[in-house]
Structures are given as C-alpha cells and as structure tokens.
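[1] Predicted model, plus sequence, below.
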Amino acid sequence: RHGLVSFGSDKVENSKAIDWFVHEVLPGIHLDEAEDSLSKLHIAGEVDIPEVCHCDDIDDSCHSLHPLVVCHGELSNADLESLVRSSLVAINPALSMSGVVSKTAKALSYGTPVVVTDNDGLFAGKSKASISKMAVQCEMKGADIALCLAKGVSSFLTNEEAWNAASNLSEQFFKNVYLEEEQ
C-alpha cells in the first residue's frame with residue numbers, strides 16, 4: 001500500500017478542500033525521508049486546482065503541479081477501487097457538506113482507514129470512542145484543524161498495528177452499520 005487518496009467530482013467544494021489540504025495539512029505530516037513517498041496524495045477525479053492538479057478537458061489528461069501530489073483524473077470504478085485499496089489512508093477534508101458520506105463509506109468498504117472533518121455525516125450520532133480506532137475525525141470548530149488532520153494521517157502512516165486494526169474495523173463498520181442503515 002502507498003500514500004493518501006482523495007477522490008471526488010470537480011465540484012468547487014471538493015477542489016477548495018483538496019487545495020486547502022495540500023497547502024495546510026501536507027506540510028504538517030512529518031515522516032522520515034525514507035517514508036516521504038507515503039505522504040504523497042493521489043487524487044482521483046477531474047479536479048482543476050491551481051498549483052496542485054490540472055485536468056485538460058480536451059484530451060482528458062491530468063497533470064500534477066505539486067511535488068507531493070499525483071493526479072489520476074477520472075477513473076473507471078475498477079481503477080478507483082484499486083487505487084483506494086492500495087492506499088494507506090483516505091482523506092476527506094470537507095470544508096462544507098458535499099456528498100462526503102459516499103466517499104468515506106467507499107473507502108471504509110475497501111478497508112482503508114479515513115481521516116475526515118466533522119462535516120462528514122457518515123459518523124453523525126456515533127460516539128468518538130466508537131470510531132476512533134478506524135478513523136480520525138477532526139472538528140471544524142477547532143483552530144488546529146490542519147494539525148489534527150496531519151496527526152491523524154501520520155498516525156496511520158507510521159503505526160502498522162493501528163493501521164491493521166483500523167482497516168479491519170473499517171470494513172466491519174461499513175458492513176454492520178452503513179449497510180444496515182441503507183436497508
């Protein structure tokens with residue numbers, strides 16, 4: 001497994017959140033030089049963010065404009081699943097509500113731990129204790145939101161035991177709670 005993943009549409013809210021994460025959170029993820037590739041952010045979806053990612057409408061190509069970002073562009077469902085399954089952490093730094101539940105649920109269903117803001121409605125009504133072993137949820141009201149997200153990502157990237165536990169719990173949570181809620 002490798003790095004971080006974020007995926008979504010080209011909605012303005014998604015682009016703003018990813019741009020904010022790249023400039024405010026990624027610099028706060030401190031890893032050894034040997035582990036720097038773990039903090040690369042893989043972005044799936046047609047996003048166009050100055051200094052981060054550019055997707056060309058004409059030839060559907062996407063180009064990374066930041067050294068810690070890999071832009072994949074629009075992916076098939078199979079390729080997206082492969083990317084998320086091969087990632088260590090899924091991030092959803094939603095600055096506002098915008099379809100975040102589906103992104104987080106998809107990552108959890110693949111056993112990928114998540115780091116999210118409390119704008120993510122998937123965990124609404126769940127106690128922090130019930131989600132703390134599979135996800136890090138940071139409160140948007142807090143002044144240290146970027147620090148909280150950076151620490152959350154770092155904890156999963158550097159602690160294999162915590163990552164394994166979170167991965168197992170993620171899949172269980174999705175199957176037991178999310179699928180039951182949809183029925």
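    That came through, no problem. Numbering: from 1, shown residues only.

[2] Give the helix, strand or coil label for residue 111.
    Put simply, residue 111 is coil when judged by DSSP: H, G, I helix; E, B strand; the rest coil.

[3] measure the residue most central in space within the chain to residue 56 for me?
    Of all residues in the chain, the one closest to the mean position by CA atoms, centre = their mean is residue 91, 1.5 Å from it. Here residue 91 is placed at a distance of 25 Å from residue 56 (CB to CB, to the nearest Å). C-betas here are computed from N, CA, C, even on glycine.

[4] what's the answer for residue 68, then?
    Taken as CB to CB, the span from residue 68 to residue 56 is 21 Å.

[5] still on that earlier bit, assumed the residue nearest to the centre of the chain was part of a strand.
    Yes - when classified by three-state DSSP, residue 91 is found to be part of a strand.

[6] what are the bridge partners for it, then?
    Taking DSSP bridges, one finds residue 115 as the beta-bridge partners of residue 91.

[7] these two touch, right, it and residue 156?
    No - with contact defined as CB atoms under 8 Å, residue 91 and residue 156 do not form a contacting pair (10.3 Å).

[8] residues shared between the contacts of those two?
    Listed contacts common to residue 91 and residue 156 are residue 115; contacts here mean CB atoms under 8 Å, 6 or more residues apart in numbering.

[9] Buried residues in the helix or strand containing residue 156, which are they?
    Secondary structure assigned from DSSP states H and E places residue 156 in helix 145-158. Taking 16 or more other CB atoms under 10 Å as the neighbour-count basis, helix 145-158 is seen to contain the buried residues 145-146, 148-158.

[10] same check, this time on stretch 41-53
    Within stretch 41-53, the residues that qualify as buried are 41-47, 49, 52-53, counting by 16+ other CB under 10 Å.
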